[in-house]
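Undergrad: Here is my input; please provide its structure:
(2 chains)
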2 protein chains.
Amino acid sequence: MRKWLFCLVPFFSSAGAQVDSAFFKKVFDEALLNGHAYARLGELCKTIGPRLSGSLEAEKAVQWGKTMLGTYGFDSVYLQPVMVPKWERGAQEGLWFSSKTFSRSIRSKKPVDYNCEAFESRPLKPSGKYQIPGVALGGSVGTNGMLKAGLVSIHKDIELDSLGKLGLLKGKVVLLNRPFPEQYLNTFKAYGACVGQRVNGASKAAMYGAVAVLVRSMSNRCDLHPHTGVMIYDEKQPKIPAMAVATAVANLLDRLATEDSGLQVHLQLNCKMYPDVMSANVIAQHKGNAFPERIIAFGGHFDSWDQGEGAHDDGAGCMHAFEALRLLKQIGYKPRHTLRCVWWMNEENGLRGATEYAKIAGANKEIHVAALESDRGGFTPRGFGVDSVFLANLENYRNLLNSYGIGDIEKGGGGADIGPLKKYFPGAVFVGFIPDSQRYFDVHHAETDVFENVNKRELHLGAAAVAVMIAILDQQLD
Amino acid sequence: MRKWLFCLVPFFSSAGAQVDSAFFKKVFDEALLNGHAYARLGELCKTIGPRLSGSLEAEKAVQWGKTMLGTYGFDSVYLQPVMVPKWERGAQEGLWFSSKTFSRSIRSKKPVDYNCEAFESRPLKPSGKYQIPGVALGGSVGTNGMLKAGLVSIHKDIELDSLGKLGLLKGKVVLLNRPFPEQYLNTFKAYGACVGQRVNGASKAAMYGAVAVLVRSMSNRCDLHPHTGVMIYDEKQPKIPAMAVATAVANLLDRLATEDSGLQVHLQLNCKMYPDVMSANVIAQHKGNAFPERIIAFGGHFDSWDQGEGAHDDGAGCMHAFEALRLLKQIGYKPRHTLRCVWWMNEENGLRGATEYAKIAGANKEIHVAALESDRGGFTPRGFGVDSVFLANLENYRNLLNSYGIGDIEKGGGGADIGPLKKYFPGAVFVGFIPDSQRYFDVHHAETDVFENVNKRELHLGAAAVAVMIAILDQQLD
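TA: Numbers count the residues shown, from 1 in each chain, chains lettered A, B, ... in the order given. Alright, predicted model coming up:
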C-alpha cells in the first residue's frame, strides 16, 4: 500500500465544488453518529446468518434485503434473478486420527505456547481415535461412508510432484500444508500466495493416486477453526474429497506424520452438488440529475460460506454500499450520475450474480462509468485501489483523503464482482475499497466470521470512505 | 492524523545509511515471522493478569519482567525502585436499582437494537431490586455499608451547576452521563473531551450535596462492561464514592430516571487507600557504540487497572518497547546511542515511576536525546506524533514509512510517562507512537482488556514500527 507519489499543490477544481471538506465532514459525522450499517448487519447476521448460494438462508436474505432497502426511500429497489449452483454440506462432517505416539506426546508437559490458541487450552481426551475439527471445502464430493488412510504432509508444490512421482501418495490422504507467508504486510498477498493449494490441490493429489486431501486453512492465526472456501476439480482426474483443517491441526498432523509412521486419518464428508436453483442480485438505486442513464455501481457480494455468519465476508461490503447510498441521500447530496448499490449473489462459488449483472447491463446498454467493490471486510479504511487513468482526478482530494486516514491509493482497481463489467464497459473506472488487512484472514470463511467480530466504528468509517469515493467519481466523471 | 505536508524529493543522507529499505524489511520480517511480543504478552496476561500499582500482582510482574528480559542477552537489565500509591477495590462492589416502572418497561417487546450488546441478550430477572454492573473508580472512597438514594442524570457540565444551584442534587446519586463524542475520528480526542467528568466529577457533585456519583464509561461501545479509571478528590469537598457504569447501564438509568420519579439506586463500595509501598520501573538496555553516555529511552507503563489483564493498556506498549530492543539486536543493528527500554510503574494512578525515572536521570546526568512512548494499545500502527524540531529529519524516511503504512506523522510528541523528562532534557526529541485508535476505548480499563483482544500481527507490526523509529532517532541525532 503506497501513498501516491505525485506532489502537486492541492487546489480544488470547480468541478468538484460539491465535494469539499464540509462534505467530507457531513458524511463522516452522519456515519459515526447515526450510522445504520452496523445495526443492519446485526439483523442480517443474527436473524438469518450464513447464506450460501442456493440455500434457504440465501433466499431469506434476498427477501430481507429487498424489504430492508425498501424502507429507505431510494428511487428504486429491485431483484435481478440469476441461477446459482447449489452445494450442500449435508450432515456435519467428521475428522479423526489414530496414532500410537500421540497419547505419549500430549502427556509430555511442554510449556504453553501463547502464539497458538490450540491444544493447550482444549486438550483432546485420550482414546483410540481422536476427533479434530475439519470442514469440507466448498464443491467437494463426499466420502460415501468413512474413509481411512495414512497421511503424507506436503509443504511445497514441488514436494507433491516429487513424492507423487515416487508413488508415495498412492492410497494416502495428503495434507497440503503450505502456510501463509506471514512476512507480507498485505495479507491478501499472502492469501494469493497459497490459496492455489485449496482451489486446485485435490486434483493434483488425485493425479498421483491420493484418496483425499486435507488443506491447511488460509489464515494468519494459529487456532482450531478450519476455514472453508471454494475448490475446483480438474475433470480429467478422479474427484477426491477435500477438507479444510485448522492451522493448529495442520501443525499437529504434520508433527505426528513425522513421529508416527502408523498415523491414520479417518474422514467422513456428506457434501453433495445439486442442480442449479434460482436466486437474485439485490439492487437499490438513486437517479442522477445530470446523467441519469449513466451508472456508478458499487457493492459487495451477498452470498457467504456456510460457516460463521458471513459478517466480514461480505456482509460488511454489502452494508458499506447500502450505507454509502443512504449517507449521500441523508446529507442531501444530489448525484449527477445514477448511483446503484448492488449486492451480487454467488461470488464465493460461481460468480453467477456478477456475470449475469454485467451481461444484462451490456445487453440493455446501461452505461457504467464506474464500479467499486468492497470485499475485504469491515475494518478501518486505509484507501482504494484505483484504475491508473483516474489517479490524476484524485489529486484534488488528496489532502482530504489523507486527513480522514484513507489516502493510501494503489494503482489498479479490481474485485471479482466488478470484473465481468470490464468486458462490456472497458472505459469505466474500476475501484477496490481497501481497509486494514491484518485481521481479515483470522476469520475469513470460518465459524468466527460473526457479527461480534465486526467493530461498529470501523464498519461505519468504511461506509463513509466508500461514500466519499462514490461522490468523487460522480463529480469527476462525465 | 495528517500525512505530512512538505514535498521534498526523498534522497537518503549518508548519515542514515544503516537505516534503509533493506533495514526496514529485516525489522518487519523478523517481527512478523519470529516476533516475541505476542507470546510474552500472553505469559504476562495469563500467568499474572492485571497489575495495579502496589498490588501483589504488580510485584510479581516486576519480577517476571526482570527475569524474562534477562534471558535476551541485553547489556543490562535492572530495576529502579520507586514508592507507589496503593488503592484496593476490596470485596467486589455492588450496584442495584429499584424501580416500579422497570418491570413493565422490560416486558414491552421492543425490537432488538443491534447497536448495543446489552439488555436484550442478558435480560435482568424481575425482582424487587435489579443488580447491574458497576465498578469503583480508582481512588474512590468506600460507601461504608449500603448507600441508597434517588438518581439524577446529568448530560452536560452546565446541567450539574444549574441543578446543583437549585439544590436538586442534595442527597442524590448523580449519574454523570456525558457520552463520548462519536464524531471524532481520533478516539483519544473523544476521550479527552469527556474524561474530566470521571476525574473531577465526584467533587463537583459533592459541592452540591450529592452523596455518590455514577460515571458513564468512557467508551465507544454500547455494552455492559464498566470502565474504571482514576478519579481525584478536591480536598475542599466531602469525599463521596464514585463508580463507573457501563454505557448501556447509563442509558438505562437515564431512561428510568425520566420515567420513574421513585427510582432508587443502591450501591456498596469496599475500596480503600493504603500507605504507599515499594515497587519498581523495569529497565533493559543496549549500549551505544558512538555515544554510550547518551540515551534514547522508549517504553510503556507496566502497571494496569485491576479490571481485565492490562493487555492493550499498557502490556502492549511494554511489549512494543521490549520487542523493538530485541528486533534491533536480532538483526545486528549497532546503535550509536544507548537504547533503553523502560517499563514505567504507576502511570494509571500517580505517575510515580515516570517522575522518579526523570528525577534520577536528571540527577545522574544521564543525557536523554530522545524518548518515545507507546500507550495507545497494540493495534495496527499508523504513525507517530513527533516534536516539530525533528520533522525535517524524517523527510528522508518518508516514502519508507509510507510504504509500511506508518507515515501518518503528527506534530507534537507526547505521553504521560515521557512528560517528566522534558523538565530535565528540554532539548530531547519526544515521540508518541500512534496506532489505529478505533477499538482502543472498547476495552480500555474494562474487564475486556484481555490478551484475547490483542491481535498478534497488529502487535508485531507496532513493535516493528517502534524499532524503525528508534533507529531513525539513533541515526539522526548526535
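
Undergrad: and the closest residue to A:Gly128 other than its chain neighbours, how many neighbours?
TA: Among residues not flanking A:Gly128 along the chain, A:Ser98 sits closest, at 6.1 Å (Cβ to Cβ, 6 or more residues apart in numbering or on different chains). Heads up, the C-betas are built off the backbone N, CA and C, glycines and all. Using other Cβ atoms under 10 Å in any protein chain shown, A:Ser98 is surrounded by 16 other residues.

Undergrad: mind listing what A:Ser98 touches?
TA: A:Gly128, A:Lys129, A:Tyr130, A:Leu263, A:Gln264, A:His266 (Cβ atoms under 8 Å, 6 or more residues apart in numbering or on different chains).

Undergrad: pLDDT score assigned to the closest residue to chain B within the stretch 101-250 of chain A?
TA: Closest contact between the stretch 101-250 of chain A and chain B, by Cβ to the nearest Cβ, is at A:Tyr114 (2.6 Å). For A:Tyr114, the model assigns a pLDDT of 88.

Undergrad: Report the secondary structure state of it.
TA: Under DSSP: H, G, I helix; E, B strand; the rest coil, A:Tyr114 falls in the coil class.

Undergrad: swap in A:Val62?
TA: Here A:Val62 is helix, with the state taken from three-state DSSP.

Undergrad: how near is it to chain B?
TA: To chain B, A:Val62 is 20 Å away according to Cβ to the nearest Cβ, to the nearest Å.

Undergrad: In helices, which of the contacts of A:Ser98 appear?
TA: With DSSP state H as the criterion, helices contain none of the contacts of A:Ser98.

Undergrad: Quick check: the farthest pair among those?
TA: A:Gly128 and A:Leu263 (13.3 Å; Cβ to Cβ).

Undergrad: higher neighbour count, the two?
TA: A:Leu263 (22 against 8).

Undergrad: who are the neighbours in contact with that one?
TA: Residues counted as contacts of A:Leu263 (Cβ under 8 Å, 6+ apart) are A:Phe97, A:Ser98, A:Ser99, A:Gly150, A:Leu151, A:Leu253, A:Leu256, A:Ala257.

Undergrad: Okay, now the unreliable bits of the stretch 51-200 of chain A?
TA: Under the criterion pLDDT under 70, the flagged ranges of the stretch 51-200 of chain A are A:101-110, A:118-127.

Undergrad: got the residue ranges for the helices in it?
TA: A:56-70, A:102-107, A:157-165, A:187-194, A:196-207 (DSSP state H, counting those that start in this stretch).

Undergrad: now swap in the stretch 301-450 of chain A and tell me
TA: For the stretch 301-450 of chain A, applying DSSP H, counting those that start in this stretch gives helices covering A:317-330, A:352-363, A:391-394, A:398-403, A:421-424, A:440-443.

Undergrad: Name the residues of the fifth one that are buried.
TA: So the one you mean is helix A:421-424. Across helix A:421-424, burial judged by 16 or more other Cβ atoms under 10 Å in any protein chain shown covers A:Leu421, A:Lys422, A:Tyr424.

Undergrad: Return only those of those residues found close to chain B.
TA: When those are checked against chain B using Cβ under 8 Å from any Cβ of the partner chain, none falls in range.

Undergrad: could you dump the residues you listed to CSV with pLDDT?
TA: Formatted as CSV, the buried residues of helix A:421-424 follow (pLDDT from 0 to 100):
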residue, pLDDT
A:Leu421, 98
A:Lys422, 97
A:Tyr424, 98
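
Undergrad: From the residues you listed, pick the one nearest chain B.
TA: A:Lys422 (28.2 Å).

Undergrad: Now do the same contact list for the closest one.
TA: A:Ala428, A:Phe430.

Undergrad: quick one: it from B:Asp314, how far?
TA: A:Lys422 sits at a distance of 48 Å from B:Asp314 (criterion: Cβ to Cβ, to the nearest Å).

Undergrad: next one: A:His225
TA: Shown here: A:His225 relative to B:Asp314, a distance of 29 Å by Cβ to Cβ.

Undergrad: Neighbour count for those two, which is higher?
TA: Neighbour count, other Cβ under 10 Å: between A:His225 and B:Asp314, B:Asp314 has more, with 29 against 24.

Undergrad: which residues of the stretch 1-150 of chain A fall in strands?
TA: Assigned by DSSP state E, counting those that start in this stretch, the stretch 1-150 of chain A shows strands spanning A:76-88, A:94-98, A:130-131, A:134-136, A:147-154.

Undergrad: try the stretch 151-300 of chain A
TA: A:173-176, A:212-216, A:242-245, A:264-268, A:272-286, A:291-301.

Undergrad: Would you mark the buried spots in the last one?
TA: It stands for strand A:291-301. In strand A:291-301, counting by 16+ other Cβ under 10 Å, buried: A:Phe291, A:Arg294, A:Ile295, A:Ile296, A:Ala297, A:Phe298, A:Gly299, A:Gly300, A:His301.

Undergrad: That one vs helix A:317-330, what angle?
TA: Interaxial angle, strand A:291-301 versus helix A:317-330 (axes from the mean of the first three to the mean of the last three Cα atoms, to 10 degrees): 150 degrees.

Undergrad: quick check, distance from strand A:291-301 to the centre of its chain.
TA: How far strand A:291-301 lies from its chain's middle: 21 Å, per Cα atoms, centre = their mean, to the nearest Å.

Undergrad: before we move on, what about the fourth one?
TA: In this view, strand A:264-268 has its centroid 29 Å away from the chain centroid, taken as Cα atoms, centre = their mean.

Undergrad: Give me every residue in contact with that strand, excluding its own residues.
TA: Identification of contacts with strand A:264-268 by Cβ under 8 Å, 6+ apart yields A:93-99, A:129, A:134, A:143, A:145-151, A:173, A:212, A:214, A:241, A:243, A:253.

Undergrad: For the nearest residue to A:Pro381 once chain neighbours are set aside, grab the count of nearby residues.
TA: Nearest residue to A:Pro381 in three dimensions, chain neighbours excluded: A:Ala465, at 3.8 Å (Cβ to Cβ, 6+ apart). Other residues near A:Ala465 come to 28 when the count uses other Cβ under 10 Å.

Undergrad: which ones are touching A:Pro133?
TA: Contacts of A:Pro133 by Cβ under 8 Å, 6+ apart are A:Leu95, A:Leu224, A:His225, A:Pro226, A:Val245, A:Ala246, A:Val249.

Undergrad: One more: A:Leu147?
TA: A:Val173, A:Val211, A:Ala212, A:Pro241, A:His266, A:Leu267, A:Gln268.
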